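Asks: quick one, what's the 3D model for this:
(one chain, ligands or ions: 1)
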Amino acid sequence: MGNILSVGIIGAGGIAHAHMNAIEQNDNIKLAAIMDIDTKRLEEAQKRFGGRIYTKLEDILKDPEVEAVHVCTPHNVHGEHVVASARAGKHVLVKSRWH
Ligand SMILES: NC(=O)c1ccc[n+]([C@@H]2O[C@H](COP(=O)([O-])OP(=O)(O)OC[C@H]3O[C@@H](n4cnc5c(N)ncnc54)[C@H](O)[C@@H]3O)[C@@H](O)[C@H]2O)c1
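Replies: Numbering: from 1, shown residues only. Below is the predicted model:
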């Protein structure tokens, strides 16, 4: 790992845009890739923030530049996405509501 953390975003919706805006303003983090099942959202996010885009979870998790992921998908898929990301050796940032 270098001095700059290279991250991937899983889910390119509303909260992901807040994350990508924050990443853009932080010199210690770089956006490497974005994944979403919705191609239109994915392309819009890439146009605004850059990075490689993927429509399959396994593909972003195979990206060697992605050291950490921000899980920004709906709650019902958080478990699947967090476990798969950890198994792929990625650091994981996720915020879930358990109530
Ligand atoms: N929007 C907020 O202000 C806010 C604040 C705090 C927490 N959150 C949490 O963030 C999460 C996402 O919320 P949001 O508002 O960004 O929702 P959103 O609907 O705007 O975005 C979710 C994105 O996830 C994608 N997605 C859905 N299933 C997927 C899958 N299996 N694989 C990959 N991508 C998939 C959708 O296509 C969509 O682009 C939720 O858990 C929500 O509670 C949102």
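Asks: so how many other residues sit close to Lys30?
Replies: 17 (other Cβ atoms under 10 Å). For glycine as for every other residue, the C-beta is placed from the backbone atoms N, C-alpha and C.
Asks: does it touch Ile4 like I think?
Replies: Yes: the pair formed by Lys30 and Ile4 meets the contact definition of Cβ atoms under 8 Å, at 5.2 Å.
Asks: which neighbours do these two have in common?
Replies: Common contacts of Lys30 and Ile4 (Cβ atoms under 8 Å, 6 or more residues apart in numbering): none found.
Asks: how much space between the residue of the chain found nearest the ligand and Leu5?
Replies: Relative to the ligand, the nearest point of the chain is Gly13 (1.7 Å; Cβ to the nearest ligand atom). From Gly13 across to Leu5, the span is 22 Å (Cβ to Cβ, to the nearest Å).
Asks: with Arg52 instead?
Replies: For Arg52 relative to Leu5 (Cβ to Cβ), the value is 16 Å.
Asks: got it, and Asn26?
Replies: Applying Cβ to Cβ to Asn26 and Leu5 gives a distance of 9 Å.
Asks: and the two? Which one has more around it.
Replies: Taking other Cβ under 10 Å, Asn26 and Leu5 do not tie; Leu5 has more neighbours (15 against 11).
Asks: now do the same contact list for the nearest residue to the more buried one once chain neighbours are set aside.
Replies: Excluding the flanking residues, the one nearest Leu5 by Cβ to Cβ, 6 or more residues apart in numbering is Ile29, at 5.0 Å. Ile29 makes contact with Ile4, Leu5, Ser6, Val7, Ile23, according to Cβ under 8 Å, 6+ apart.
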